[in-house]
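1. Give me coordinates for this.
(chains A and B)
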Amino acid sequence: DTGVSQDPRHKITKRGQNVTFRCDPISEHNRLYWYRQTLGQGPEFLTYFQNEAQLEKSRLLSDRFSAERPKGSFSTLEIQRTEQGDSAMYLCASSPDRGKRTGELFFGEGSRLTVL
Amino acid sequence: AQTVTQSQPEMSVQEAETVTLSCTYDTSENNYYLFWYKQPPSRQMILVIRQEAYKQQNATENRFSVNFQKAAKSFSLKISDSQLGDTAMYFCAFMKLGNQFYFGTGTSLTVIP
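-> Residues are numbered from 1 along each chain as shown, chains lettered A, B, ... in the order given. Sure thing, here's the model as predicted:
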């Protein structure tokens, strides 16, 4: 069990460019979550998947954000036409949906986005 | 909608002393989970302790324990014998099974040598 991994760890981009982040969850976890965190704030929910199905998406999320989990394993989060306000840490977490640790989130180290 | 409130943005404690972090939440649900997560500086978030709402007994994990008051919708974290490695941001979180997590804004805890 290697934990949740995210790539890249840091991304600097110019306003208007597209960026994509990847998350590899713990292999036996069916649930996968994306959160955004800005300095001094708690994680803000973006979306989550049960296997390959995207079950919920934050109403705060603009149409420039899209997430996929095509085979129920890894997930990607794409931000199109980035804006400076998108600068944040993007956190991925996975969770088992059965067993003793049901519901517990296991976080990756995050992908930090800086939009210039 | 569920909300989680942490009213203490910053706290400090002397090494080896005890500190309590506060958390309140608002929900109309009866069955849910509560968590405390720790985020050390520049490191990933990890679980400290969890509490199932249907359990009356307060959860404990070594030096960490909670005071869960369901009627008052309060979920405080007590850290005993504080250690330098406890310095971190602490987030209280609420989850209804099968639903998203809701996090508070966090409490920055500094353990002073």
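2. What's the per-residue pLDDT of the closest residue to B:Glu10 other than its chain neighbours here?
-> With CB to CB, 6 or more residues apart in numbering or on different chains as the criterion, B:Glu10 has its nearest non-adjacent residue at 4.7 Å, and that residue is B:Ser108. Where you see a C-beta, it was placed from the backbone N, CA and C, and this is true even at glycine. At B:Ser108, the pLDDT value in this model is 96.
3. and the gap between B:Ser108 and B:Ser12?
-> 9 Å (CB to CB, to the nearest Å).
4. ok, now A:Arg31?
-> From A:Arg31 over to B:Ser12 (counting by CB to CB), the distance is 36 Å.
5. if you count what's nearby, which of these two comes out ahead?
-> A direct count of neighbours by other CB atoms under 10 Å in any protein chain shown for A:Arg31 and B:Ser12 places A:Arg31 higher, at 19 against 13.
6. ok, A:Gly110 touching A:Leu77?
-> No. Using CB atoms under 8 Å, A:Gly110 is not in contact with A:Leu77; the gap is 11.7 Å.
7. Need the overlap of contacts for the two.
-> Any residue near both A:Gly110 and A:Leu77 by CB atoms under 8 Å, 6 or more residues apart in numbering or on different chains counts here, and that gives A:Tyr90, A:Cys92.
8. More neighbours: which of the two?
-> Neighbours were counted for A:Gly110 and for A:Leu77 using other CB under 10 Å; A:Gly110 has more, 27 against 23.
9. and the nearest residue to B:Tyr54 once chain neighbours are set aside, how many neighbours?
-> Computed as CB to CB, 6+ apart, the closest residue to B:Tyr54 that is not its neighbour in sequence is B:Asn31, at 6.1 Å. By other CB under 10 Å, 9 other residues sit near B:Asn31.
10. Look at B:Gln44 and report its pLDDT.
-> At B:Gln44, pLDDT is 88.
11. separation between it and A:Leu105?
-> The value you get for B:Gln44 to A:Leu105, if CB to CB is used, is 11 Å.
12. what do you get for A:Phe74?
-> Counting by CB to CB, the gap from A:Phe74 to A:Leu105 is 17 Å.
13. for B:Ser42, same thing?
-> Distance from B:Ser42 to A:Leu105, by CB to CB: 19 Å.
14. More neighbours: which of those two?
-> When B:Ser42 and A:Leu105 are compared for neighbours, A:Leu105 comes out ahead with 25 against 7, by other CB under 10 Å.
15. show me where pLDDT drops low in the chain?
-> Looking at chain A here, since you left the chain open. Residues of chain A that meet the criterion pLDDT under 70 lie in A:1.
16. That was the other one, I meant chain B.
-> Residues of chain B that meet the criterion pLDDT under 70 lie in B:1-2, B:97-99.
17. what does it have sitting close to chain A?
-> Within chain B, the residues that sit near chain A (CB under 8 Å from any CB of the partner chain) are B:4, B:33, B:35, B:37, B:43-47, B:50, B:91, B:93, B:95, B:97, B:99-106.
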